[in-house]
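Provided below are the primary sequence and the corresponding predicted coordinates.
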Amino acid sequence: MTTTVRALWSQESLYLGFECPFTKLTAFQPPQSEHKRFDLTQDGASLWDRDVIEAFIGTDPQDPARYAEFEVAPTNERLDLLVANLQAKDFSWNSGFESGVKVDNTRKVWTCEVRIPLTSLGLTQPSPGSELRANLFRSDRANHASLAWRPALAGTFHVPQRFGVIQLSQ
């Protein structure tokens with residue numbers, strides 16, 4: 001399945017729009033909003049174990065293993081965390097990101113729009129030419145598909161040396 005992602009930016013935010021065709025959606029029901037859905041000790045219990053879009057974004061070229069992770073499910077359940085050195089994951093971090101999801105069962109497409117405050121990424125003075133190290137993903141569990149803008153070529157999406165560069169332009 002082809003997934004399309006579009007990106008825009010303003011002085012305050014990075015905007016990502018995902019368009020995800022599907023045959024069958026898999027998501028946790030009911031969605032949670034009072035706390036983040038993750039359990040590092042139990043397989044199948046975390047948000048990434050169902051259909052999600054994910055964005056991994058870092059702003060420090062000197063420390064590519066430090067980045068933010070954003071996930072959104074078709075139910076608009078979401079998760080954000082900071083990753084440092086691939087071992088330390090700060091699930092208590094709150095980026096203030098927002099998302100909106102629409103599911104079109106007739107067309108079999110779900111869309112997700114995300115607004116990420118650039119200050120949460122440490123980018124306080126964005127300008128044309130500013131660069132973000134990033135990778136964009138989609139998990140389609142019904143089709144056993146893990147889609148990536150820049151394939152990680154590993155058993156995990158967490159391969160920062162495979163991230164691409166998003167350059168802000170006008």
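That came through, no problem.

show me what contacts the residue nearest to Asp90 when sequence neighbours are not counted?
Nearest non-adjacent residue to Asp90, counting by C-beta to C-beta, 6 or more residues apart in numbering: Leu82, 4.2 Å away. The C-beta positions use only the backbone N, C-alpha and C, and glycine is treated the same way. Neighbour list for Leu82: Arg66, Tyr67, Ala68, Glu69, Lys89, Asp90, Trp93 [criterion: C-beta atoms under 8 Å, 6 or more residues apart in numbering].

any idea how far Asp43 is from Leu82?
Going from Leu82 to Asp43 by C-beta to C-beta, to the nearest Å gives 23 Å.

helix/strand/coil for Thr119?
Following DSSP: H, G, I helix; E, B strand; the rest coil, Thr119 is assigned to helix.

show the contacting residues for it.
Thr119 neighbours (C-beta under 8 Å, 6+ apart): Glu12.

one more: Gly122?
Thr59, Asp60.

where does it land on pLDDT?
On the pLDDT scale, Gly122 is placed at 90.

same question, Thr4
Reported pLDDT for Thr4: 96.

burial of the closest residue to it other than its chain neighbours, as a residue count?
Nearest residue to Thr4 in three dimensions, chain neighbours excluded: Glu19, at 4.4 Å (C-beta to C-beta, 6+ apart). Per other C-beta atoms under 10 Å, the neighbour tally for Glu19 reads 16.

with just CA atoms, put the helix or strand hosting Glu19 into PDB.
Under the criterion of DSSP states H and E, Glu19 resides in strand 13-21. Written as PDB, here are the backbone C-alpha positions of strand 13-21 (Å, rounded to 0.1, in the frame of the first residue of the first chain):
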ATOM      1  CA  SER A  13       5.300  24.400  13.900                       C
ATOM      2  CA  LEU A  14       6.100  21.500  11.600                       C
ATOM      3  CA  TYR A  15       3.000  20.100   9.900                       C
ATOM      4  CA  LEU A  16       2.800  16.500   8.500                       C
ATOM      5  CA  GLY A  17      -0.100  15.100   6.600                       C
ATOM      6  CA  PHE A  18      -0.400  11.300   6.000                       C
ATOM      7  CA  GLU A  19      -2.700   9.600   3.600                       C
ATOM      8  CA  CYS A  20      -3.000   5.900   4.300                       C
ATOM      9  CA  PRO A  21      -4.900   3.400   2.200                       C
END
